[in-house]
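Engineer: Give me a 3D structure for the following:
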Amino acid sequence: KVKTKVVRGTCNPVWNEELTIYIKDLDVPIVLCVFDKDTFTVDDSMGRAEIDIKPLIECLRMGLEGLPDGTKVDRVQPSKENSLADESCIIWNKGGKMTQDMLLRLDDVECGQIEIQIEWIQLPGNKGL
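Structural biologist: Take a look at the predicted model:
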């Protein structure tokens, strides 16, 4: 569980933060929850989305070293099984990084979206994928 900083005074916050989480089970989606910040009452939910990392993991397991920078490795389409609001591309980047940009629709609210980028980071001493 990680938290971003609080962005005050806007209905369209921009966090521009990097958060690192430890993944124990690749089959369990990451749940992203958005809340407002209240001083004297409980913070209100502004929506939630699930981040499915399986497509990114599948691309990492392909062993695609040597691809040109910026190569689109896969495209993931919105479906009932994910929170994607639009097509999401998995991209091979410099230094062997694989990233996925996502526009997620927030569930449990009337409307709302959040834009994120995910990247798998292999920590020293781990067995790997």
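
Engineer: Name the residues of stretch 26-40 that are buried.
Structural biologist: Across stretch 26-40, burial judged by 16 or more other Cβ atoms under 10 Å covers 29, 32, 34. Every C-beta, even on glycine, is put in place using the N, C-alpha and C of the backbone.

Engineer: now stretch 54-71
Structural biologist: For stretch 54-71, a neighbour-count test (16+ other Cβ under 10 Å) marks 55-56, 59-60 as buried.

Engineer: can you put those in TSV and add secondary structure?
Structural biologist: Shown next, in TSV, are the buried residues of stretch 54-71 (DSSP: H, G, I helix; E, B strand; the rest coil):
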residue	secondary structure
Pro55	helix
Leu56	helix
Cys59	helix
Leu60	helix
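
Engineer: Identify the residue with the minimum pLDDT among those.
Structural biologist: Among these, Leu60 carries the weakest pLDDT, at 89.

Engineer: wait, isn't that residue in contact with Thr99?
Structural biologist: No. Between Leu60 and Thr99 there is no contact under Cβ atoms under 8 Å: 10.9 Å.

Engineer: pLDDT and secondary structure added to the buried residues of stretch 26-40, as JSON lines?
Structural biologist: Output for those, formatted as JSON lines (pLDDT from 0 to 100; DSSP: H, G, I helix; E, B strand; the rest coil):
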{"residue": "Pro29", "pLDDT": "88", "secondary structure": "coil"}
{"residue": "Leu32", "pLDDT": "93", "secondary structure": "strand"}
{"residue": "Val34", "pLDDT": "89", "secondary structure": "strand"}
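
Engineer: Give the burial count for Trp92, as a bare number.
Structural biologist: Using other Cβ atoms under 10 Å, Trp92 has 21 other residues around it.
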